[in-house]
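A.B. asks: quick check, what structure comes out for this input:
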Amino acid sequence: MSVSVVVAGGGSAGHIEPTLAVADAVRRLAPDARVTALGTEKGGLDTTLIPARGYPLELIPPVPLPRKPTADLLRLPGKVRAAVRRVREVLREVDADVVVGFGGFVALPAYLGARGRVPIVVHEANARAGLANKVGARFAARVAAATPDTGLPGAELVGIPLRASITGLDRAGLRAKARAEFGLPAEGPVLLAFGGSLGARTINNAVAEALPGLVDAGIAVLHSYGKAGTPGPDLPGYVARPYLDDMPLAYAAADAVLGRAGAMTVAEVSAVGLPAMYVPLPIGNGEQALNAAPVVAKGGGLLVVDAECDGPRVLAELVPILTDPERLATMGAAARASGHAHAADRMAEIVLEVARG
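C.D. replies: Next comes the predicted model:
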């Protein structure tokens, strides 16, 4: 008898990608499994990314979620009730055997709607758990985490679930094709710089400032400056795009990365074996620095605070790495060793165990 799995990880790409990676793994391990995704129209990513991967999407009313238990949460009883009511309707319609949540404003209603009705599995991607997962973990059948010490009791360390196009990426085999696709030099080191879909001003400014020095050192740059960002000066070997639709191909073209330290970024960059200079966002509760800490501790990356990330710092840190093939290989191997390439399959195993009782 096939199992019915409901996944709840909509909102940001950082929630959606591990959600879909686990959904894909569930289908690999149990081809007859039925997987349904919960999402909202808020932000638009749910309605574009999830159906594009072939999963039915059921929309629930959005519930804006404060990072911590505050009075703001108490002002949302009507929205919470409406969202929970819709979740319960979906669970009945698909005859759900398990609900899998990945945090965010879709997960909290999913947890509340499933409580006492359908067993729950929680996955926390960040080094510090958010409010939704803190709530869900209290009555979950199983809890999994990407890093140790998330604050969730009883959490199993599994890593971040990643899509097969990342975990199975043959960087060396795709290198020539990737560089030709982006118009990068066939030979010589390439730095991949990015800061999210909207861009990161600090990283963009640092790239622009460092670019003449990088070019002088024989380093090409593939720069995703963001839809709201600004590219650097037009110099030989510099390729600027507002957005990179094919990140695996970008990773294949690169030798090192300059970027933020979101949980998904750190997981993907580590999984493909790229050294990185991580520049955590200077806001929030400091989880981005914690996300990068394990790979940095193993020698697979560097951590530079946002206020110190400028052109001279980029040159000082990355030119010695990018111009030393042996150091590139050593750091790349350390980065890969710090990751959890089989996290999606492990999560799928946990989900199926819970679904089958």
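
A.B. asks: show me the contacts for Glu326.
C.D. replies: If you count contacts by Cβ atoms under 8 Å, 6 or more residues apart in numbering, Glu326 has none. All C-beta atoms are positioned from the backbone trio N, CA, C, and that covers glycine.

A.B. asks: CA atoms only for the one helix or strand it maps to - export them in PDB, please.
C.D. replies: Element membership for Glu326 (DSSP states H and E) is helix 325-337. Provided in PDB are the C-alpha atoms of helix 325-337 (Å, rounded to 0.1, in the frame of the first residue of the first chain):
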ATOM      1  CA  PRO A 325      46.300  24.500  -7.400                       C
ATOM      2  CA  GLU A 326      47.500  22.400  -4.500                       C
ATOM      3  CA  ARG A 327      45.800  24.600  -1.900                       C
ATOM      4  CA  LEU A 328      42.600  24.700  -4.000                       C
ATOM      5  CA  ALA A 329      42.500  20.900  -4.100                       C
ATOM      6  CA  THR A 330      43.200  20.600  -0.400                       C
ATOM      7  CA  MET A 331      40.500  23.100   0.600                       C
ATOM      8  CA  GLY A 332      38.100  21.600  -1.900                       C
ATOM      9  CA  ALA A 333      38.500  18.100  -0.400                       C
ATOM     10  CA  ALA A 334      38.100  19.500   3.100                       C
ATOM     11  CA  ALA A 335      34.900  21.300   2.100                       C
ATOM     12  CA  ARG A 336      33.500  18.100   0.600                       C
ATOM     13  CA  ALA A 337      34.400  16.100   3.600                       C
END
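
A.B. asks: helix or strand right after that helix?
C.D. replies: Going down the chain from helix 325-337, the next helix or strand is helix 343-355, by DSSP H and E.

A.B. asks: pull out the buried residues from that following helix.
C.D. replies: Neighbour counts over helix 343-355 (16 or more other Cβ atoms under 10 Å) mark Ala343, Ala344, Asp345, Arg346, Met347, Ala348, Glu349, Ile350, Val351, Leu352, Val354, Ala355 as buried.

A.B. asks: now swap in stretch 325-345 and tell me
C.D. replies: So for stretch 325-345, counting by 16+ other Cβ under 10 Å, buried means 328, 331-332, 334-336, 338-345.

A.B. asks: let's have those residues in JSON lines, adding distance to Arg34 and pLDDT.
C.D. replies: Below are the buried residues of stretch 325-345 laid out as JSON lines (distance: Cβ to Cβ, whole Å; pLDDT from 0 to 100):
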{"residue": "Leu328", "distance to Arg34": "45", "pLDDT": "97"}
{"residue": "Met331", "distance to Arg34": "43", "pLDDT": "98"}
{"residue": "Gly332", "distance to Arg34": "39", "pLDDT": "97"}
{"residue": "Ala334", "distance to Arg34": "40", "pLDDT": "97"}
{"residue": "Ala335", "distance to Arg34": "36", "pLDDT": "96"}
{"residue": "Arg336", "distance to Arg34": "34", "pLDDT": "94"}
{"residue": "Ser338", "distance to Arg34": "35", "pLDDT": "88"}
{"residue": "Gly339", "distance to Arg34": "30", "pLDDT": "80"}
{"residue": "His340", "distance to Arg34": "27", "pLDDT": "85"}
{"residue": "Ala341", "distance to Arg34": "27", "pLDDT": "83"}
{"residue": "His342", "distance to Arg34": "24", "pLDDT": "91"}
{"residue": "Ala343", "distance to Arg34": "22", "pLDDT": "95"}
{"residue": "Ala344", "distance to Arg34": "18", "pLDDT": "96"}
{"residue": "Asp345", "distance to Arg34": "19", "pLDDT": "96"}
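
A.B. asks: rebuild those as JSON lines, extending it with distance to Gly213.
C.D. replies: Listed next are the buried residues of stretch 325-345 as JSON lines, based on distance: Cβ to Cβ, whole Å:
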{"residue": "Leu328", "distance to Gly213": "18"}
{"residue": "Met331", "distance to Gly213": "20"}
{"residue": "Gly332", "distance to Gly213": "23"}
{"residue": "Ala334", "distance to Gly213": "26"}
{"residue": "Ala335", "distance to Gly213": "24"}
{"residue": "Arg336", "distance to Gly213": "28"}
{"residue": "Ser338", "distance to Gly213": "29"}
{"residue": "Gly339", "distance to Gly213": "31"}
{"residue": "His340", "distance to Gly213": "36"}
{"residue": "Ala341", "distance to Gly213": "35"}
{"residue": "His342", "distance to Gly213": "40"}
{"residue": "Ala343", "distance to Gly213": "38"}
{"residue": "Ala344", "distance to Gly213": "39"}
{"residue": "Asp345", "distance to Gly213": "43"}
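
A.B. asks: quick one, strands of this protein?
C.D. replies: Counting by DSSP state E, one finds strands in the chain at the ranges 4-8, 34-39, 57-59, 98-101, 120-124, 142-145, 156-157, 190-194, 220-224, 238-241, 256-259, 276-278, 301-303.

A.B. asks: nearest to Leu45, out of those?
C.D. replies: Taking Cβ to Cβ, strand 34-39 is the member of these nearest to Leu45, at 8.3 Å.

A.B. asks: burial check on Ala172, number of neighbours?
C.D. replies: By the measure other Cβ atoms under 10 Å, the count of residues near Ala172 is 9.

A.B. asks: which residues touch the residue nearest to Arg117 when sequence neighbours are not counted?
C.D. replies: Leaving aside its sequence neighbours, Arg117 sits nearest to Leu91 (Cβ to Cβ, 6 or more residues apart in numbering; 6.5 Å). Each residue near Leu91 by Cβ under 8 Å, 6+ apart is listed here: Val6, Val99, Gly113, Ala114, Arg117, Val118.

A.B. asks: where does the fifth one land on pLDDT?
C.D. replies: Listed pLDDT for Arg117 reads 97.
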